[in-house]
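>>> predicted structure and sequence below. I'll ask about it afterward.
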Amino acid sequence: MIRFRPEQLWQALVEAGTHVLFVTDSKGTIVHVNALAEQLLGQQRKDLVGKLATFFDAEEIAVRARALTKSQKRQIPADYRALAWEALHGAASVRECTVFSGARRRRVLECRQGGACLGL
């Protein structure tokens, strides 16, 4: 029987998947991308990991930040935190966002509790 360490199994599942996947931490720093994300974004993994996820549409983020500022009655920055607001505050959320990859493309962004987001 072949045994995998959990991280090896996770890596194999992520790479074999049929979805674009990028994982960020709660500050928006990319911690993992799969091969399909490299293709979508037109960049290599080594050039993405460790960098802030800045490939989202700035106007969409600004609109989201304004709506949150109004509903929360406090200033919400127009940055990654506006996209991951619910996840950063204890609830998962799924929303579509425009991702820039040479051409504008709509992708679903799933933000999980704690603020980590997956681009699917």
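Nice, thanks for sending it over. This one's a predicted model, so the numbers in the text were calculated from it and none came from an experiment.

>>> buried ones in the longest helix seen in the chain?
In the chain, ranked by residue count with DSSP state H as the criterion, the top helix is helix 58-72. Buried residues in helix 58-72, counted by 16 or more other C-beta atoms under 10 Å: 60, 61, 64, 65, 68. Using the backbone N, CA and C atoms, a C-beta is placed for each residue, glycine as well.

>>> residues touching the closest residue to residue 77 other than its chain neighbours, list them.
Using C-beta to C-beta, 6 or more residues apart in numbering and skipping the chain neighbours, the partner closest in space to residue 77 is residue 65 (6.4 Å). Contacts for residue 65 (C-beta atoms under 8 Å, 6 or more residues apart in numbering) come out as 76, 77, 78, 79, 82.

>>> if I look at residue 65, how far off is residue 23?
Distance, residue 65 to residue 23, using C-beta to C-beta, to the nearest Å: 22 Å.

>>> just residue 99 next, same as before
Counting by C-beta to C-beta, the gap from residue 99 to residue 23 is 14 Å.

>>> who has more neighbours, these two?
Taking neighbours as other C-beta atoms under 10 Å, residue 99 and residue 23 compare with residue 99 leading, 22 against 19.

>>> A strand includes that one, no?
Yes: counting by DSSP: H, G, I helix; E, B strand; the rest coil, residue 99 is part of a strand.

>>> do you know the pLDDT at it?
As summarised for this prediction, residue 99 has a pLDDT of 73.
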